[in-house]
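Colleague: what follows is a predicted protein model with its sequence.
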Amino acid sequence: MAKIVLVHGMRMETHDRAILQARWRAAVIRGLKATLWGASNPRLIPGKDDIELVYWGDFFRPQQDDGGAAAKGFDLDELRRFYYGLLRGMVRAADVLSLWDERGRPRSAMARLVNPIVYQTAVYMANGPVNNADPAHEPGAYFQVQARFDAALGPDTQVVVGHSLGSVIAYEGLCRGTHSVSTFITVGSPIATPRLIMQPLRERQYRELNHPISHPRPWPGVERWVNFFAPADVWSVPIKRLAPIFDPRIRDVEVVHGNPHRPVETHKLTTYLKHGEVCDEIARGLAEAPVEAPGPRQCGASS
């Protein structure tokens, strides 16, 4: 089973799973080789089969007969230019003014404006319908995606890396049941976005986990949670540091790269993996885990 599980973010439906997994595996292995731990322990560096990608982009891939209906009526290039030109304070306002219905569909002017950028997040958080559902699992984006996350985790999984919306998916997955993961790393995470993510997240944890909304957010049962963010990464808006509002045990780490006018390149996981700090934390998670698999952890537990 995989020692490292990677969970991708939104807008990956146009990517080929095999190609994306190969690129991310290569980037992780390359980064680990450059760490002090990797240089001292070359035989312990995971191989490609030890790194698993949780891919869910196909759930949002337009069906061939709908002509890409999700994008009809929108000038995507124009909307992207507008969205990424917003100042940080305006993005906060966009979150407050964006309203979504119970199926994750936009129901306000601001929501319709940003829908082409964040509709996957809205549908996932609302457990809305997906285009290419797997009949073997419960319907709805949340259950469909979580089934793949569950399948990727194994008794040997030591590190989970969640990128972008993948950080929300991984967090919820780690909270849902027992696991042996010791290190959780979030990269470019939007998890603290108040209305779009935090509000429905609290409500779902109440429904699924019976976790009171008034209580602090549940801890995902890991020993360490490290959150990496770049100031120029406009996709992890509007809140970068998670510890002050999410959980004080989270260690927030700022890395500097890119610029807000090249949002896709700046937000990429492979761009973050070029920073030694990110791969150092992955290496630390691999190095500190015991040789034999630890007992299973559960939501709310930490060592």
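Modeller: Sure, I can see it. Residues are numbered from 1 along each chain as shown.

Colleague: in stretch 44-53, which residues are buried?
Modeller: Ile45, Pro46, Asp50, Ile51, Glu52, Leu53 (16 or more other CB atoms under 10 Å). Every C-beta, even on glycine, is put in place using the N, C-alpha and C of the backbone.

Colleague: mean confidence for it?
Modeller: The pLDDT scores in stretch 44-53 average 95.

Colleague: okay, how far is it across it, tip to tip?
Modeller: Start and end residues of stretch 44-53 are separated by 20 Å (CA to CA, to the nearest Å).

Colleague: ok, residues contacting that stretch?
Modeller: Identification of contacts with stretch 44-53 by CB atoms under 8 Å, 6 or more residues apart in numbering yields 2-8, 17, 20-22, 24-26, 28-29, 32-33, 37-38, 152, 286-287.

Colleague: in helices, which of the residues you listed fall?
Modeller: Among the contacts of stretch 44-53, the ones falling in helices (DSSP state H) are 17, 20-22, 24-26, 28-29, 32-33, 37-38, 152, 286-287.

Colleague: quick one, which of those are buried?
Modeller: Leu20, Gln21, Trp24, Arg25, Val28, Ile29, Leu32, Trp37, Gly38, Ala152, Leu286.

Colleague: residue ranges in the stretch 101-250 of the chain under the pLDDT threshold?
Modeller: 101-117, 237-238 (pLDDT under 70).

Colleague: and the buried ones among the ones in helices among the contacts of stretch 44-53 as TSV, adding distance to Val256?
Modeller: As requested, those are arranged in TSV below (distance: CB to CB, whole Å):
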residue	distance to Val256
Leu20	25
Gln21	28
Trp24	22
Arg25	26
Val28	21
Ile29	24
Leu32	22
Trp37	23
Gly38	23
Ala152	31
Leu286	25
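
Colleague: what segments of the stretch 101-250 of the chain are strands?
Modeller: Applying DSSP state E, counting those that start in this stretch to the stretch 101-250 of the chain gives strands spanning 159-163, 183-187, 224-229.

Colleague: which of those sits most buried?
Modeller: Among the strands of the stretch 101-250 of the chain, judged by mean count of other CB atoms under 10 Å, the one packed with the most neighbours on average is strand 159-163 (a mean of 29).

Colleague: hmm, back to that, widest-spaced pair of the buried ones among the ones in helices among the contacts of stretch 44-53?
Modeller: Largest separation among these by CB to CB: Leu20 and Trp37, giving 25.7 Å.

Colleague: wait, what's in contact with Gly258?
Modeller: Gly258 is in contact with Ala230, Ala232, Asp233, Glu265, Thr266, His267, Thr271, counting by CB under 8 Å, 6+ apart.

Colleague: now rank those by neighbours and give me the top one.
Modeller: Asp233 (26 neighbours; other CB atoms under 10 Å).

Colleague: Val54 touches Val5, doesn't it?
Modeller: Yes: at 6.3 Å, Val54 and Val5 qualify as touching, with contact defined as CB atoms under 8 Å.
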